[in-house]
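Student: following is a predicted model, sequence given first.
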Amino acid sequence: MLDWHRLFGLTMTDYFTGSVYRVELEKDLSIKQQLLDLLIIEQESGSPILEPPDGLENLAPHNLMTYKSLRRPLDAWALDELIGHYVNYRKQGSPSLEALLPVEDFRLYAVSTRHPEKLAAEVSLEPAKEGVYEVQWGSRRIRLIVLSEVAQVERNAVWQLFSGKPASVHYGAAHYHWRQADLSTVMNQLFEFYSLEGVIMPYTVEDYKRELREEIKKEIWAALTPEELLKRVPTEELLKRLSTEERLKGLTREEIEAYMKKLSKSN
């Protein structure tokens with residue numbers, strides 16, 4: 001049995017690392033164990049999320065999220081469960097039943113890898129942006145995020161990892177920057193799970209690591225001043241990295257011709 005929920009939860013925990021929100025996984029909200037997939041709670045310290053992935057622009061102090069992976073459909077029952085978790089959690093987190101926390105302090109999210117066809121036939125899905133919908137479920141509005149439909153842009157890299165589409169997963173692996181130390185094991189599990197689900201992945205963890213190393217090298221080189229480069233790298237090595245045009249850039253025609261004459265004489 002693929003533990004998609006835990007993998008998704010670990011990745012979301014990484015995404016919110018260092019931010020003003022913390023993530024709790026598989027939150028037990030009842031005496032008879034009923035687990036909420038993710039609980040994202042605003043905290044006093046941490047950095048704000050400046051460019052959240054699509055669908056999470058309206059995070060509240062308390063955010064409840066249900067998640068359905070590649071082979072598990074998001075249906076009416078899943079939304080019923082989410083509402084039940086919300087009611088229970090609001091009761092538990094409030095000072096008393098007579099002094100419940102404000103409704104505005106809570107947001108509900110349903111995240112699904114694929115489009116919920118059956119649900120769409122039962123209730124109106126109001127488009128908010130590409131891959132993001134609003135659903136009125138009883139007295140509550142639920143934000144529905146379809147990971148296979150969101151825009152392929154860098155802010156959505158964390159969503160792309162769970163999109164179920166090889167090209168999008170490739171993009172996510174190349175553009176999502178892990179906040180916690182070495183979580184390549186998550187990538188390994190993710191690619192392994194896709195393979196077991198019959199999704200052919202032309203991109204491997206080694207590809208991801210290699211691209212990450214190259215990206216880090218580029219950032220380091222770009223940050224060095226010419227003086228620092230000369231100290232760190234021999235002139236001969238620097239010249240090998242330059243094209244003929246780049247080597248001659250800044251020289252006058254007379255200087256180039258004088259150097260050519262000098263070479264002719266030495267030969």
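Tutor: Alright, I've got the coordinates.
Student: return the backbone torsion pair for L39.
Tutor: phi -130, psi 120 (degrees, to the nearest 10).
Student: pretty sure it is touching N63, no?
Tutor: Yes: L39 is within contact range of N63, at 7.2 Å (criterion: CB atoms under 8 Å). To be clear about C-beta, it is placed using only N, CA and C from the backbone, and glycine gets the same treatment.
Student: where do the helices sit along the stretch 51-200 of the chain?
Tutor: When assigned using DSSP state H, counting those that start in this stretch, the helices of the stretch 51-200 of the chain occupy the ranges 76-93, 117-122, 157-160, 166-175, 184-196.
Student: quick one, which of the ones you listed is packed in tightest?
Tutor: helix 157-160 (a mean of 24; mean count of other CB atoms under 10 Å).
Student: tell me what that one is packed against?
Tutor: The elements that helix 157-160 packs onto, with contact taken as 3 or more CB pairs under 8 Å, 6 or more residues apart in numbering; DSSP states H and E, are helix 4-15, helix 166-175.
Student: could the ones you listed be laid out in JSON lines, adding distance to E254 and mean pLDDT?
Tutor: Listed next are the helices and strands packed on helix 157-160 as JSON lines, based on distance: least, CB to CB, whole Å; pLDDT from 0 to 100:
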{"stretch": "helix 4-15", "distance to E254": "58", "mean pLDDT": "86"}
{"stretch": "helix 166-175", "distance to E254": "47", "mean pLDDT": "84"}
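Student: nearest to E134, out of the ones you listed?
Tutor: helix 4-15 (20.8 Å; CB to CB).
Student: how far off helix 166-175 does that closest one point, in degrees?
Tutor: 40 degrees (axes from the mean of the first three to the mean of the last three CA atoms, to 10 degrees).
Student: what's the helix or strand following helix 4-15 in contact with?
Tutor: For helix 4-15, the succeeding helix or strand toward the C-terminus, using DSSP states H and E, is strand 21-28. For strand 21-28, the external contacting residues (CB atoms under 8 Å, 6 or more residues apart in numbering) are 5-6, 9-10, 12-13, 16, 34-43, 46, 49, 59, 63, 85, 89.
Student: appreciated, that's everything.
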